[in-house]
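[1] predicted structure and sequence below. I'll ask about it afterward.
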Amino acid sequence: MREIDGISLRRFEARDLDWLVEAHADLYSRTEGFDDSFAVLVTAILTDFLDRHDSIWERGWVAERGHWRLGSIFCVKSEQPEVAKLRLFLVQPEAQGLGLGRHLLETCLGFARDRGYVGMQLWTHESHVAACALYRAYGFEMTDAQPVTNFGVDLVEQTWKISF
């Protein structure tokens with residue numbers, strides 16, 4: 001895969017599961033106060049991906065520099081067969097500002113387009129300001145926002161969509 005500033009992308013593998021759960025849980029516990037239920041959700045998403053993903057239509061990537069994992073992104077099927085779902089987009093704090101988020105998002109969007117999806121959707125939180133700005137810059141539109149209490153904190157959940 002293409003390299004950016006010494007960072008390469010490779011396919012997600014089973015050996016990445018524990019790291020990715022821990023990376024998400026640690027980051028969102030520190031920055032947003034999420035409780036352990038978030039790690040449970042991430043574990044379920046990844047376990048389902050490993051057990052059931054369709055390698056033609058779905059893919060996960062891990063960004064790494066040397067032996068250090070720095071981020072991830074996934075393209076999976078949604079409830080609407082022609083629309084992909086973006087999941088588990090993560091850039092570790094030490095890799096922010098390098099263009100890695102853009103590279104991950106472009107890779108995921110390119111995969112979805114190449115597979116013939118007509119659009120992509122994602123679920124996030126209003127507090128993820130940098131990610132939401134990136135989505136907007138790439139043409140996503142927020143289609144829904146709902147205040148909720150989830151992962152032990154009050155949040156505003158958002159749905160974003162893009163058509164190709």
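    Ah, there it is. Numbers count the residues shown, from 1 in each chain.
[2] what about this structure, any weak spots by pLDDT?
    Applying pLDDT under 70 to the chain flags the ranges 1-3.
[3] mind listing the strands for it?
    3-4, 7-11, 59-65, 68-77, 83-91, 119-125, 141-150, 153-163 (DSSP state E).
[4] go through those and name the closest to Glu32.
    Ranking these by proximity to Glu32 (CB to CB) places strand 153-163 first, at 6.3 Å. Using the backbone N, CA and C atoms, a C-beta is placed for each residue, glycine as well.
[5] kindly reformat the strands of the chain as CSV and extend each row with distance to Leu50 and mean neighbour count.
    Shown next, in CSV, are those (distance: least, CB to CB, whole Å; neighbours: other CB atoms under 10 Å):
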stretch, distance to Leu50, mean neighbour count
strand 3-4, 26, 14
strand 7-11, 12, 16
strand 59-65, 9, 22
strand 68-77, 11, 21
strand 83-91, 13, 22
strand 119-125, 20, 18
strand 141-150, 24, 11
strand 153-163, 25, 15
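[6] ok, Val156 - contacts?
    His125, Glu126, Ser127, Ala145, Gln146, Pro147, Val148 (CB atoms under 8 Å, 6 or more residues apart in numbering).
[7] quick check: the farthest pair among those?
    Top of the distance list for the contacts of Val156 (CB to CB): Ser127 and Gln146, 13.8 Å.
[8] nearest to Leu109, of the strands of the chain?
    strand 119-125 (6.7 Å).
[9] tell me how far the residue lying closest to Phe151 once chain neighbours are set aside lies from Leu90.
    Leaving aside its sequence neighbours, Phe151 sits nearest to Phe34 (CB to CB, 6 or more residues apart in numbering; 4.0 Å). Phe34 sits 13 Å away from Leu90, going by CB to CB, to the nearest Å.
[10] who's in contact with the residue nearest to Val118 when sequence neighbours are not counted?
    Closest residue to Val118 apart from its sequence neighbours, by CB to CB, 6+ apart: Glu82 at 4.8 Å. Residues counted as contacts of Glu82 (CB under 8 Å, 6+ apart) are Gly116, Tyr117, Val118, Gly119.
[11] give me the neighbour count for the residue nearest to Phe151.
    Using other CB atoms under 10 Å, Phe34 is surrounded by 22 other residues.
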